[in-house]
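Asker: Here is a sequence together with a model predicted from it:
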Amino acid sequence: MRYLLPLATLVLISFSGALIAHADHPAPPKGFTALFNGENLEGWFGHGTKDPRTLWKMSPEELKAHQQETLKDINKHWSVEKGELVNDGKGLYLTTLKNYGDFELLLEYKTVAKADSGIYLRGVPQVQIWDTTEAGGKWKIGAGKGSGGLWNNSKGKPGKDPSKLMDKPFGEWNKFRVIMIGERVSVYLNGEKVVDNVVMENYFDRKIPIFEKGPIQLQTHGGEIRWRNVFIREINAKGAPGDAAAPNKAEEGFTSIFNGKDFTGWAGPIQNYQAVGGNLACKPGKGGTIYTKEIYGDFVVRLDVKLPAGGNNGLAIRYPGKGDTAYAGMCELQVLDNTSPKYAKLHPAQYHGSAYGMFAAKRGHLKKPGEWNTQEVTVKGSTIKVVLNGETILNCDLSKVEKPMYNIEKFKGRTRKEGHFGFAGHGAAVQFRNVRIKRL
């Protein structure tokens, strides 16, 4: 392994249930598929520690030719023995032909002294695999702390080192379970969580979030490593922004409230909105508050939102069905392009995720315009919690507003105990998808 300043490979693996697999016939757990078929290297090619965008810039013909060419190196250093993937510690890294977004990845590995390795997630390093012994010679760079950390995260950042050493002795198989949703990764090693829902930095460009999709790579360096039971489960509907140890269970009780086709179940100025490719979108230049016919008290709502440059909208919380939800409803949770120059001098409680005019949300976690964001809002009693792209940006109690933007009497609806959920458009073509709600 070359020690690229932060070398950490995330591998989303989820061991829900025992793996019952003969060495040469890997049997995936329910819901998973095998990345390695136990017989050959079908579905893989070779790539190193190189920005995956170099691959994505190629034409389909160029990419296919490049992948075929890398197999010459792969076949020199990788082999299959009794259903196990074996690398001699040299050459390119085994890389999936397919790109993955959110997923769980399960795998087992066994290595030798003075070797190290890792798992690249979405083509980015990495979830680290060490020789954790002092004789391995790498204690100075963290090897003694154990495998499983996101070693390429910046110094001092969460998850760079695992929370505890869980590696087994040489000659024994280690089991990884890695869960990746959005930018966040949780890593389990031999049944113990060693990285807890941490943002994985983009090694190739730390100014931008990690790529939304990319390949899984098995990295090798310095000695033989063996892999088996390599299984993946794609998470299509977004899992919980927090720890998604069991993403399916995390979705239990949630109901979709937009069918992707029309506004059945909705009220208000629905003529100002439209379904675009299955997404709910405000028409350009239109707006107003549309809302569910259903009434909710305490609830959790999960959704994805994409803002155009300068976009402005809002989430109507416990809306009474008329009036301005920022004042008549419990609140309007801002949906706003924080980066737009025209919003440079707003009140802090007017930026994305804020309880408009009452509590300011933490900034810096919204993706750039044109990219999808994942958001979860929990409304319980007088409290509201907002999680954006895995980061808690607001956690407030509307019964305890201290410095409102206006006289607190203007926010008459903030003590409402129930109401409709909706979207408060302000003329921009903001889009929402995967809108689902759960009563508490």
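Answerer: Yes, it's here. Residues are numbered from 1 along each chain as shown.
Asker: Mind pulling the model confidence for the most centrally placed residue in the chain?
Answerer: Centroid-nearest residue in the chain: residue 182, 1.5 Å away (criterion: Cα atoms, centre = their mean). For residue 182, the pLDDT comes out at 84.
Asker: Mind listing what's buried along stretch 411-426?
Answerer: 411, 413, 414, 416, 419, 420, 421, 422, 423, 424, 425, 426 (16 or more other Cβ atoms under 10 Å). Any C-beta I mention is one placed from the backbone N, CA and C, and that applies to glycine too.
Asker: Closest to residue 345 out of those residues?
Answerer: residue 426 (17.4 Å; Cβ to Cβ).
Asker: Give the phi and psi angles for the closest residue in space to that closest one that isn't next to it in sequence, as a check.
Answerer: Once flanking residues are discounted, residue 426 sits nearest to residue 312: 4.2 Å by Cβ to Cβ, 6 or more residues apart in numbering. Main-chain dihedrals, residue 312, degrees, to the nearest 10: phi -150, psi 130.
Asker: hey, where'd the strands end up in the stretch 251-400 of the chain?
Answerer: Remark: strands assigned in the stretch 251-400 of the chain by DSSP state E, counting those that start in this stretch are 255-256, 266-267, 273-276, 279-282, 287-292, 299-306, 312-319, 331-336, 372-380, 383-388, 391-397.
Asker: now for these, which one comes closest to residue 165?
Answerer: Nearest of these (Cβ to Cβ): strand 391-397, 28.0 Å.
Asker: Quick one: work out the angle between the closest one and strand 383-388.
Answerer: Strand 391-397 and strand 383-388 are oriented at 170 degrees to each other (axes from the mean of the first three to the mean of the last three Cα atoms, to 10 degrees).
Asker: Flag every buried residue along strand 391-397.
Answerer: The neighbour-count check on strand 391-397 (16+ other Cβ under 10 Å) flags 391, 392, 393, 394, 396 as buried.
Asker: what's the offset of that strand from the middle of its chain?
Answerer: How far strand 391-397 lies from its chain's middle: 19 Å, per Cα atoms, centre = their mean, to the nearest Å.
Asker: now swap in stretch 164-177 and tell me
Answerer: On the basis of Cα atoms, centre = their mean, stretch 164-177 sits 25 Å off its chain's mean C-alpha point.
Asker: same deal with stretch 69-78?
Answerer: 32 Å.
Asker: Name the residues that touch that stretch?
Answerer: 41, 44-47, 85-92, 94, 220 (Cβ atoms under 8 Å, 6 or more residues apart in numbering).
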